[in-house]
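Chemist: Provided below are the primary sequence and the corresponding predicted coordinates.
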Amino acid sequence: MTTGRPGAGTASPVPASSPELATPIAQGGPPYAGEAPRTGAARTARPTEAVTTAARRRIVVRGIVQGVGFRPFVHALATELGLTGHVTNTGEGVVAEVEGPPGALLRFGERIRGEAPPLAVVEAVEGADIAVAGDTGFAILPSRSHGPARTLVAPDAATCDACLTELTDPADRRYRHPFLTCTHCGPRFTIVRALPYDRALTTMGRFPMCPRCAAEYADPADRRFHAQPIACHDCGPRLRLLAADPDDPAGAPRPVSGDPVAATRRLLAEGAIVAVKGLGGYHLVCDAGADAAVTLLRRRKARGDKPFALMARHIADVEGLVSVGAAERELLTGPVRPIVLLRRRDRAAPGAPAVSDAVAPGSPDLGVMLPYTPLHHLLFGLPGDPPGPRLLVMTSGNVAGEPIVTDDGEALERLAHLADAWLGHDRAIQVPCDDSVVRISDGEPLFVRRSRGCAPYPIALPVPVRPALATGGDLKNVLCLGEGRRAWLSAHIGDMDDLATQSAFERAGAHLETITGVRPRLLATDRHPGYRTGRWACRHTDGRPLVRVQHHHAHIAAAMAEHGLDGRRPVIGVAFDGTGYGDDGAIWGGEVLLADYAGYRRFAQLGYVPLPGGDTSVRRPYRMALAHLHAAGIPWSQQLPPVAVCPPDERRLLARQLERDLNCAPTSSMGRLFDAVSSLTGICHHAGYEAQAAVALEAAALTAGEEHGPGYAFALSAGAGTGGAELVADPAPVLAAVTEDVRAGTGRAVIAARFHAAVAGLVRRCCALARERTGLATVALTGGVFANTLLAETAAGLLRQDGCTVLRHRQVPPNDGGLALGQLLVAARTRGS
């Protein structure tokens with residue numbers, strides 16, 4: 001993975017028509033936020049040229065150039081080159097008028113792109129000659145907000161090294177200041193109310209600067225020159241700790257006296273659960289080594305066995321627990337600071353901190369992140385502080401299924417049954433923003449969730465699109481606005497099951513429109529007639545066209561878009577997931593489509609099986625196993641784990657339901673097949689969170705080793721036509737082989753590994769046949785099933801051996817978090833594209 005910022009001499013690993021706009025993780029990202037800005041200050045300054053024939057140019061810089069110290073950089077560069085004029089923020093970007101010798105103007109234009117500040121992404125620099133004005137100095141002017149917004153807002157960035165040095169220096173006036181920030185780090189997207197990016201248009205607008213902060217803000221030589229979130233102990237936001245009264249648990253929480261951070265650290269060490277307000281919302285925090293605290297948090301949050309994320313002070317604190325490669329290390333320490341999924345070691349190394357088994361039960365990974373705000377660093381303690389927990393559980397502050405809590409009043413109400421104390425502050429959060437989640441697969445980043453630190457970075461599009469809004473799906477919802485060759489994805493919103501999430505969806509769309517200036521003239525949504533996002537789109541057309549996009553077509557289009565494909569030639573799209581509404585009204589999810597942006601042909605599919613009771617069978621994988629056995633003609637022997645675990649009365653009802661085809665939607669879902677095999681092998685019979693059975697099956701397969709004997713194989717046959725696929729993959733032979741292995745006492749890990757090999761082999765065979773019949777050799781692997789890195793890496797390796805070009809997601813998740821990007825391309829691309 002590259003580490004340089006685009007334009008700084010490094011190539012992007014993500015093909016895109018405008019690589020500067022790639023997601024910072026996929027891109028390699030800007031340099032670490034603590035690096036000194038590349039402003040040429042280290043150069044030997046050229047002598048000011050004698051002004052014989054002065055010229056003046058108006059220069060517009062577009063991209064992520066507000067909130068990243070760009071105007072101070074322009075001021076310093078112009079001053080160094082002996083130029084006069086001014087610079088300001090506008091809705092279209094940073095606009096500078098510079099005057100001086102033509103040679104100096106030329107160097108200014110060259111260096112403004114190549115030496116931009118660390119967090120800046122320069123998309124375009126446009127210049128025009130204008131009349132000489134005779135300025136005598138260079139000034140930063142107040143921002144101008146007229147006209148539509150066309151600049152890009154920076155994501156939030158982790159605390160830089162320079163700020164960390166001040167945070168830990170007792171002699172510095174910002175020693176232990178929990179809201180320390182500068183032009184190279186701190187909140188951006190989550191505090192912006194409107195553009196241009198000025199303090200008055202952020203949630204810091206209510207905090208007047210003290211004289212010392214105002215002096216730093218106005219000093220061109222200072223690191224906080226025009227840093228909008230600037231604050232200190234005298235003038236910044238204030239922390240407040242409230243705790244439930246043990247003598248009156250039903251009463252209102254009471255303020256805790258003394259240092260809020262020290263008191264919070266003490267509470268955590270004593271086993272309390274504390275709601276801590278962060279950049280994009282509240283976290284629920286506890287000691288990761290305290291079994292009682294973690295188990296209590298899991299029970300209170302009704303989280304089932306879904307893993308919690310951990311925060312560690314240093315990488316060294318987790319290296320004895322997980323494997324950390326160079327690419328993972330770069331993600332953990334960069335300016336984005338996502339949760340990084342790391343493979344557990346077989347056993348913890350001596351001296352490694354304790355981690356409760358309740359943190360991530362049954363998961364082969366631990367999700368780890370490092371501190372990204374001054375408050376996080378303070379929670380772990382500075383030298384001389386009483387010791388606290390070495391590892392903290394950091395999970396979203398919400399009830400399962402609801403959006404993350406951002407408002408202080410809501411936190412006291414909605415988290416009352418979850419937290420023992422609340423560490424909040426009076427700086428408002430404008431935009432909810434959960435932590436991003438990433439893993440390394442095939443040496444490259446793979447998003448599981450794209451949110452804090454990435455939103456609202458735009459995705460560069462290979463073809464232009466009309467102004468449009470794509471609503472995404474009902475699970476892992478992310479919406480998308482697009483216009484021209486840019487697409488802006490929202491932060492993670494969540495599952496659209498409750499009113500709070502639906503309200504968050506509306507607010508996210510309105511805010512994204514405000515900061516991008518896009519006014520949608522078209523809406524795109526999923527074809528599923530029951531999706532809440534689709535119903536919302538129907539209610540809000542306001543005379544605009546509404547385009548419904550097939551679910552798996554959208555997945556494939558998203559993969560094509562982020563790899564810069566213009567759609568002139570179709571790809572072989574392998575879309576494996578849990579649920580997607582099909583053209584025939586069935587539930588698709590095991591699809592091979594020959595697709596471009598304009599349309600698709602269903603080349604191959606997993607054979608249909610009944611899905612008895614809909615979501616009930618999703619939550620109880622043993623039902624899916626019994627349905628697959630029924631479809632395959634395999635008797636329900638009591639020796640088989642799903643038969644044994646299913647209550648007799650339910651088993652009898654299920655048998656009649658399947659025989660009579662009552663409330664049994666046909667499904668070709670590969671996700672449901674993973675569920676069935678997980679239960680059939682005795683690994684997981686009840687799913688407390690999405691894809692739990694499949695995750696457990698992958699975890700088992702990872703322990704099987706390289707040699708796992710003869711594999712399984714699907715039967716491929718010609719489809720029946722009339723809207724169906726050309727080929728149908730029958731899972732019956734695989735299920736028969738799994739059943740035989742279970743009866744023979746073959747280990748679960750071996751069965752799981754053989755099944756993964758069978759699915760990868762199916763991908764290879766289908767793509768080979770598609771290539772043979774069409775000549776296509778580019779394959780997109782997409783859908784939530786391909787978040788399974790064992791399957792994805794195996795399938796991709798086999799395809800590459802066969803000479804195929806393989807597209808895997810790098811800028812958006814393969815799951816429904818990337819769906820809206822594909823909807824946008826299918827629905828809104830302009831004619832002729």
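Modeler: Received, thanks.

Chemist: Name every strand pairing with whichever strand or helix holds Leu446 and say which way it goes.
Modeler: Leu446 belongs to strand 444-449 when elements are defined using DSSP states H and E. Sheet pairing for strand 444-449, assigned by DSSP bridges, gives strand 437-441 (antiparallel).

Chemist: Quick one: mean pLDDT for the strand it pairs with?
Modeler: Strand 437-441 carries an average pLDDT of 97.

Chemist: what does stretch 608-616 give?
Modeler: 92.

Chemist: Output it as PDB, nothing but the C-alphas.
Modeler: This file holds the C-alpha atoms of stretch 608-616, laid out as PDB (Å, rounded to 0.1, in the frame of the first residue of the first chain):
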ATOM      1  CA  TYR A 608     -33.500 -22.100  -5.800                       C
ATOM      2  CA  VAL A 609     -34.400 -23.600  -2.500                       C
ATOM      3  CA  PRO A 610     -37.400 -22.600  -0.200                       C
ATOM      4  CA  LEU A 611     -36.800 -20.000   2.500                       C
ATOM      5  CA  PRO A 612     -39.400 -21.000   5.100                       C
ATOM      6  CA  GLY A 613     -40.700 -18.100   7.200                       C
ATOM      7  CA  GLY A 614     -38.400 -15.500   5.700                       C
ATOM      8  CA  ASP A 615     -36.400 -13.700   8.400                       C
ATOM      9  CA  THR A 616     -37.100 -16.500  10.900                       C
END
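
Chemist: hang on, the earlier thing: quick check: mean pLDDT of the helix or strand that the strand holding Leu446 is followed by?
Modeler: Using DSSP H and E, the next helix or strand after strand 444-449 towards the C-terminus is strand 458-470. What strand 458-470 shows for mean pLDDT is 96.

Chemist: and strand 458-470, how far from the chain's centre?
Modeler: How far strand 458-470 lies from its chain's middle: 19 Å, per Cα atoms, centre = their mean, to the nearest Å.

Chemist: buried sites along that strand?
Modeler: Pro458, Ile459, Ala460, Leu461, Pro462, Val463, Val465, Arg466, Pro467, Ala468, Leu469, Ala470 (16 or more other Cβ atoms under 10 Å). C-beta here means a position set from N, CA and C on the backbone, and glycine is covered the same way.

Chemist: nearest residue to the second one other than its sequence neighbours?
Modeler: Put plainly, it is Ile459. Ala487 (4.6 Å; Cβ to Cβ, 6 or more residues apart in numbering).

Chemist: Could you do Cys433 as well?
Modeler: Per Cβ to Cβ, 6+ apart, closest to Cys433 is Gly280, 2.8 Å.

Chemist: In terms of helices and strands, where is the one you found?
Modeler: Assigned by DSSP H and E, Gly280 falls within no helix or strand.

Chemist: got the contact list for it?
Modeler: 156, 190, 404, 406, 429, 431-435, 451-452, 491 (Cβ atoms under 8 Å, 6 or more residues apart in numbering).

Chemist: Look up how far Asp156 lies from it.
Modeler: Using Cβ to Cβ, to the nearest Å, we find Gly280 at a distance of 7 Å from Asp156.

Chemist: Name the residues contacting each of these two.
Modeler: Thr190, Cys433, Arg452.

Chemist: Turn the residues you listed into a markdown table, columns for distance to Ala749 and neighbour count.
Modeler: Shown next, in a markdown table, are those (distance: Cβ to Cβ, whole Å; neighbours: other Cβ atoms under 10 Å):
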| residue | distance to Ala749 | neighbour count |
| --- | --- | --- |
| Thr190 | 43 | 24 |
| Cys433 | 38 | 28 |
| Arg452 | 36 | 28 |
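
Chemist: and of those, the nearest to Cys210?
Modeler: Thr190 (23.5 Å; Cβ to Cβ).

Chemist: Wait, a helix at the closest one?
Modeler: Yes: under DSSP: H, G, I helix; E, B strand; the rest coil, Thr190 falls within a helix.

Chemist: quick one: contacts for it?
Modeler: Thr190 sits next to Asp156, Leu279, Gly280, Ile429, Gln430, Val431, Cys433, Arg452 when contact means Cβ under 8 Å, 6+ apart.

Chemist: would a markdown table of those residues with distance to Pro445 and pLDDT be doable?
Modeler: As requested, the contacts of Thr190 are exported to a markdown table (distance: Cβ to Cβ, whole Å; pLDDT from 0 to 100):
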| residue | distance to Pro445 | pLDDT |
| --- | --- | --- |
| Asp156 | 18 | 96 |
| Leu279 | 21 | 96 |
| Gly280 | 20 | 97 |
| Ile429 | 26 | 97 |
| Gln430 | 27 | 96 |
| Val431 | 23 | 95 |
| Cys433 | 19 | 97 |
| Arg452 | 15 | 97 |
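
Chemist: And those, which is closest to Ala360?
Modeler: Using Cβ to Cβ, these come closest to Ala360 at Arg452, 20.6 Å.

Chemist: what about the closest one, distance to Ala158?
Modeler: Separation of Arg452 from Ala158 (Cβ to Cβ): 10 Å.

Chemist: Give the residues shared as contacts by those two.
Modeler: In contact with both Arg452 and Ala158: Val336, using Cβ under 8 Å, 6+ apart.

Chemist: coming back round to it: for the strand holding Leu446, the averaged confidence score.
Modeler: Strand 444-449 shows a mean pLDDT of 97.

Chemist: Mind picking the one among the buried residues of strand 458-470 that's closest to Thr395?
Modeler: Ile459 (28.0 Å).

Chemist: how far away is that closest one from Gly484?
Modeler: Ile459 sits 12 Å away from Gly484, taking Cβ to Cβ as the criterion.

Chemist: cool, Ala128 as well?
Modeler: For Ala128 relative to Gly484 (Cβ to Cβ), the value is 21 Å.
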